[in-house]
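Q: this is the structure alone, sequence omitted:
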């Protein structure tokens, strides 16, 4: 689990309720114990939650609210124009606005965030936009839909049978996806994006960098213009051979 994945999970974390037993939440909390940056983020998130709860508790409910709503007569001043109700509405609107800002803040533009998003697609068995064993047709489809299509395959990938592909996006940047056929009807996913889409210097240099995973192993590298990410339900050693840029 990456730091960005943990943040997405912990955004919904509420201490003292059932989600503390959720396996992903437990894993994210354990990561926060080891990751000082994630721990600081979690403390700020918890502080915000406490602040929102406290503000809601302190917002008074007007006495006799139900009776006064029912007693409203046509022609009388609308109950929502009265001072106490306007104050209540303003308080709730402010809290909702703050909560919306906190939860809707864009994720960091880092390679780790890109990687976690694309692996998420692969884990959900993302439906291909084009089904074809012809690599040229897959490239033509990607190019016609504005996705990177002039990428270079490694010698290992060039020998793999293609099964299709698709056009994805990450933070408005087009991503080309090519799917290769693996034994037992499994799929190897290759995601390609412009290198300039991640300006923070978090893109791995050299490589490929291999990360074994429980469900999918990944391999990442860049060639100056493009970022490459492989994800497949295979062992790290086999994936590393496919990612080698020299035969």
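A: Perfect, thanks for sending it. It should be emphasised that the depicted structure is a prediction, and the values quoted were computed from it without experimental measurement.
Q: quick one: contacts for the spatially closest residue to residue 209 that is not a sequence neighbour?
A: Using CB to CB, 6 or more residues apart in numbering and skipping residues adjacent in sequence, the residue nearest residue 209 is residue 220, 5.1 Å away. C-beta coordinates here come from the backbone N, C-alpha and C atoms, glycine included. By CB atoms under 8 Å, 6 or more residues apart in numbering, residue 220 lies in contact with 111, 115, 204, 207, 208, 209, 211, 227, 228, 229, 230.
Q: where neighbours are concerned, which of those has the most?
A: Using other CB atoms under 10 Å as the neighbour test, the contacts of residue 220 are led by residue 230, with 28 neighbours.
Q: picking that back up, for the residue nearest to residue 209, name its beta-bridge partners.
A: Bridge pairing for residue 220 (DSSP bridges) gives the partners residue 209, residue 229.
Q: picking that back up, now, the most widely separated pair of the contacts of residue 220?
A: Spatially, the most separated pair among the contacts of residue 220 is 211 and 227, at 14.9 Å (CB to CB).
Q: let me know the pLDDT of the residue nearest to residue 209.
A: Looking at residue 220, its pLDDT stands at 92.
Q: tell me where this structure has helices.
A: Ranges of helices in the chain, per DSSP state H, are 3-10, 23-34, 36-58, 65-71, 83-104, 111-123, 135-144, 155-158, 236-243.
Q: residue 221 versus the closest residue to residue 112 other than its chain neighbours, what's the distance?
A: Spatially, and ignoring its direct neighbours in sequence, residue 112 is nearest to residue 2 (4.9 Å; CB to CB, 6+ apart). Plainly put, residue 2 is 18 Å away from residue 221 if you go by CB to CB, to the nearest Å.
Q: compare these two and say which is more crowded by neighbours.
A: Using other CB under 10 Å as the criterion, residue 2 and residue 221 rank with residue 221 on top: 21 against 17.
Q: sorry, back to before: the helices of the chain: lowest mean pLDDT?
A: Comparing mean pLDDT across these, the weakest is helix 83-104, with a mean of 53.
Q: quick revisit: which one of the contacts of residue 220 is nearest to residue 173?
A: Minimum distance to residue 173 across these is 9.9 Å, recorded for residue 227 (CB to CB).
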